[in-house]
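1. Turn this into a structure:
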Amino acid sequence: MVSIESFTPSHTQGVADLIVPIQRDEYAIAITYEEQPDLCDIPGFYQTGKGGFWLALDVGCVVGSIGLKDIGGGAVALRKMFVALSHRGSATGVAKALLDRVFSHGRAHGVTDIYLGTTAHFLAAHRFYEKHGFRLIDARALPDAFPRMDVDTRFYHLVLV
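-> A predicted model of the protein is given here:
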C-alpha cells in the first residue's frame, strides 16, 4: 500500500533514484543530481515557509515525489512531481494522492496560487494538470519569484480555493 509522507533526509537516495532516471532516460534531459541544487537541499529549498516536499512510499520505497516552493505573497511553485512508471495511471492513484496532499497543505497554510512549469514533451502531465484545474498561462504571467528552469516551455496556474 502506498502512503504519502513528508520528505526526511533518510529518503535522499530514494529521491535521486526516482527523479534522475526519469529525467534522463524517459525525457532525455541531460541533467545530474548534483546539477539540481533544490534536490541537494530539499529541507532548505522546499520545506520552508508555505512550502513542503512529499513522497509516495510503497513498502518504504520512493515511488513518487512532489514539492512546493514558497515564492511569496501566498503563491507557491509546484516542482519535482514524478511518479515511477510502475505506479502511474489512475488505477494506482499515486499522482492524484500527491496532488491532493499539496492542495490540502496549501489550503491549511494560506496558499492562494500554485504555479508550475513543464516541458512540451510531458503530454500526459499536461492532461493531468488540466484535469485537476490548472490553466495554461503565458510565461509573462508568472510571478517574478517563480523559479524558471531552462527546460520548461509550458506554464500553468491554479487558484487554490
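
2. Average pLDDT for stretch 103-115, rounded please.
-> Per-region confidence: stretch 103-115 scores 98 on mean pLDDT.

3. going forward can the numbers begin at 523, since that is how I track them
-> Sure thing, new numbering starts at 523, so read that last one as stretch 625-637.

4. looking at this structure, which helix or strand is least sure?
-> Of all regular secondary-structure elements in the chain, judged by mean pLDDT, DSSP states H and E, the least confident is helix 645-653 with a mean of 93.

5. contacts for it?
-> For helix 645-653, contacts defined as Cβ atoms under 8 Å, 6 or more residues apart in numbering pick out 603, 610, 617, 638, 640, 658, 676, 678. For the C-beta atoms, the positions are set from N, CA and C on the backbone; glycine is no exception.

6. Number of residues surrounding the first one?
-> Looking back up the chat, that one is residue 603. Residues contacting residue 603 under the criterion other Cβ atoms under 10 Å number 21.

7. Now the buried members of the contacts of helix 645-653.
-> Of the members of these, the ones counted as buried by neighbours, 16 or more other Cβ atoms under 10 Å, are 603, 610, 617, 638, 640, 676, 678.

8. Let me know the pLDDT of the nearest residue to the third one once chain neighbours are set aside.
-> If the residues on either side of it in the chain are set aside, residue 617 comes closest to residue 605, at 5.1 Å by Cβ to Cβ, 6 or more residues apart in numbering. Turning to residue 605, the model gives it a pLDDT of 97.
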